[in-house]
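J.: Quick one: sequence plus predicted model below, questions after.
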Amino acid sequence: MIYLDNAATTKPSKEALKSFNQVSETLFFNTASIHKGGRDAARLLEAARGQILNELGLGTHHLIFTSGATESNNIILRGMIERKLQFGKTVLVSELEHPSVVNVLEHYKDKINLQFIKTTPQGVIDLDDLKEKLNDECILVSVMALNNIIGSIQPIEEIGQILQSYKKVYFHVDATQAVGKVTLDYKNVDALTLSAHKFYGIKGAGALIVNDMNVIDPLLLGGGHEKDKRSGTVNLPAIVGMAKALRISNENLTQKNDRLEQFNNKVRTHFNDYNKMKIQDAQSPYFINLSFVGAKGEIVVNALSELGIYVSTTSACASKSNELNETLLAIGNKNDVIEGSIRISFSQNTTEEEVDALIKGLDTVYKQLGDILHEV
Ligand code: PLP
């Protein structure tokens, strides 16, 4: 099996699993218990917290552990909106956001004025449009750092600098796909969300990082874990695994990304003059979104799956919906391109042999589909 659906989830690294097993066996205690076992577990929790913050260059921010990015996005967006509604109503987001952001904002649609920042055909936010839309009514800007469908990367540092002149505006970054793939400067970000299983950690662990704890209005009330911001026994083994996974995925990142860039270019070059295929631009070497124009993406995914190659249509969260993918629509694609699109997502462990097998598999499916396909 060749697994190229790493934007949906990654295989946990051996090191993350080792940490998970070790902690489960030796420090399985509740971090809230006051006996020595509990105190040792709590110390390990604090060490993991510090490691993750430092790894992201956010040593002076605060972090609470959650079950993943969906939970983190829900907590922070609700918290930020509720806190700022008395000052204004405008919330600015790109048209490329994940359902765990969009659906929370939709939930508030009667209370807020939701506006979309324009993007370029490459899926990058138009900073002039952002500047035009910013005003005294604006309370929140939320942006996905690395796009989960096409792999575009947002100018987080520049957005942060622009927002410095708007003290009332919170800046939230969904960094779920970015963490462990690209180093960005998050220092002007008010809140950042991430999920361990996207960078070779274990499912069920994530984090919400903020520069001010007061902005967190807890969704889960109970025993007061995580400084009263997220009650429930802390998943220490997965959290320690997450800290380990993050350190390892950030190691030698430039070399790893250069290698993936070569693989990515190999695929793009091979299919460059296939006139019934459209390949979207991407800044991240982990992503290739390509369309078999005239076919259905599901058919292509299933045909590749029969060949032992696992990719996805759009994102795992949206793959069961019949709606056209919003991201591909927002960057100006026609319906037939969107319907025929598949997402290939590499991991740091992807090999050249796998990439060659992918090219062969895509060629096989392209031939099988024959006259169903038409020119872009
Ligand atoms: N945000 C982005 C950009 C994602 O890609 C995902 C997962 O696909 C999420 C949020 C939600 O993450 P989780 O499923 O870990 O809650």
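T.: Nice, I can see it.
J.: residue boundaries of the helices in the stretch 151-300 of the chain?
T.: In the stretch 151-300 of the chain, helices defined by DSSP state H, counting those that start in this stretch lie at 156-163, 236-250, 253-271, 297-306, listed in chain order.
J.: residue ranges with poor pLDDT in the protein?
T.: Applying pLDDT under 70 to the chain picks out residues 315-322.
J.: Residues of it that sit close to the ligand?
T.: Applying C-beta under 6 Å from any ligand atom, one finds that the chain approaches the ligand through 68-70, 98, 100, 144, 148, 174, 176-177, 195, 197, 206, 315-317. Every residue, glycine included, has its C-beta placed from N, CA and C.
J.: Tell me which entries of those lie within strands.
T.: Counted as lying in strands by DSSP state E, out of the residues of the chain next to the ligand, are 144, 174, 195, 206.
J.: nearest to residue 233, of the residues you listed?
T.: Distances from residue 233 to these, taken as C-beta to C-beta, are shortest for residue 206 (15.7 Å).
J.: For that closest one, list each beta-bridge partner.
T.: Legend: beta-bridge partners of residue 206 under DSSP bridges are residue 66, residue 195.
J.: now the closest residue to residue 313 other than its chain neighbours: how far from the ligand?
T.: The shortest distance from residue 313 to any residue that is not its chain neighbour, by C-beta to C-beta, 6 or more residues apart in numbering, is 3.9 Å, and that residue is residue 297. Distance of residue 297 to the ligand, computed by C-beta to the nearest ligand atom, to the nearest Å: 17 Å.
J.: which residues are in contact with stretch 299-318?
T.: The set of residues that contact stretch 299-318 without belonging to it, under C-beta atoms under 8 Å, 6 or more residues apart in numbering, is 1-5, 7-9, 98-100, 148-149, 292, 297-298, 319, 325, 327-328, 340-345, 357-358, 361-362, 364-365, 368-369.
J.: Now for the closest residue to residue 188 other than its chain neighbours, how many residues are close by?
T.: In space, not counting the residues next to it along the chain, residue 188 is nearest to residue 160; the distance is 2.8 Å by C-beta to C-beta, 6+ apart. Using other C-beta atoms under 10 Å, the number of residues around residue 160 comes to 20.
J.: measure residue 160 to the ligand for me?
T.: 18 Å.
J.: List the buried residues in the strand or helix carrying residue 79.
T.: Residue 79 is part of helix 69-84, with elements assigned from DSSP states H and E. Applying a neighbour-count criterion of 16 or more other C-beta atoms under 10 Å, one finds 69-81, 83-84 buried in helix 69-84.
J.: For residue 281, state which of the residues you listed is nearest.
T.: For residue 281, the nearest member of the buried residues of helix 69-84 is residue 69. The distance, counting by C-beta to C-beta, is 24.7 Å.
J.: mind listing the strands for this structure?
T.: Listed from the start of the chain, the chain has strands (DSSP E) covering 2-3, 62-66, 90-94, 113-117, 138-144, 170-174, 191-195, 206-210, 277-279, 287-292, 309-310, 341-345.
J.: so of those, which one's packed in deepest?
T.: The densest packing among these, expressed as mean neighbour count by mean count of other C-beta atoms under 10 Å, is seen in strand 191-195 with a mean of 29.
J.: ok and it relative to strand 170-174, angle-wise?
T.: Between strand 191-195 and strand 170-174, the angle formed by their directions is 10 degrees, by axes from the mean of the first three to the mean of the last three C-alpha atoms, to 10 degrees.
J.: So which residues of the stretch 1-150 of the chain form helices?
T.: Read by DSSP H, counting those that start in this stretch, the stretch 1-150 of the chain holds these helices, from start to end of the chain: 14-26, 36-55, 69-84, 99-107, 127-133.
J.: now, of those helices, which is deepest in the fold?
T.: That would be helix 69-84, which, of the helices of the stretch 1-150 of the chain, has the most neighbours on average (mean count of other C-beta under 10 Å), namely a mean of 22.
J.: which other helices and strands contact that one?
T.: Taking 3 or more C-beta pairs under 8 Å, 6 or more residues apart in numbering; DSSP states H and E as the contact definition, the neighbouring helices and strands of helix 69-84 are helix 99-107, strand 138-144, strand 170-174, strand 191-195, strand 206-210.
J.: what's the spacing between the last one and its chain's center?
T.: The one in question is strand 206-210. Its chain's C-alpha centre lies 13 Å from the corresponding centre of strand 206-210 when counted by C-alpha atoms, centre = their mean, to the nearest Å.
J.: Give me the residues contacting it.
T.: 52-53, 56, 58, 61-69, 71-72, 75-76, 190-196, 216, 230, 242.
J.: Could you give me the ChimeraX syntax to select whichever of the contacts of stretch 299-318 are buried?
T.: Those of these that count as buried under 16+ other C-beta under 10 Å are selected in ChimeraX with:
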select :2,3,4,5,7,8,9,98,100,148,149,292,297,325,327,328,340,341,342,343,344,345,357,358,361,362,365,369
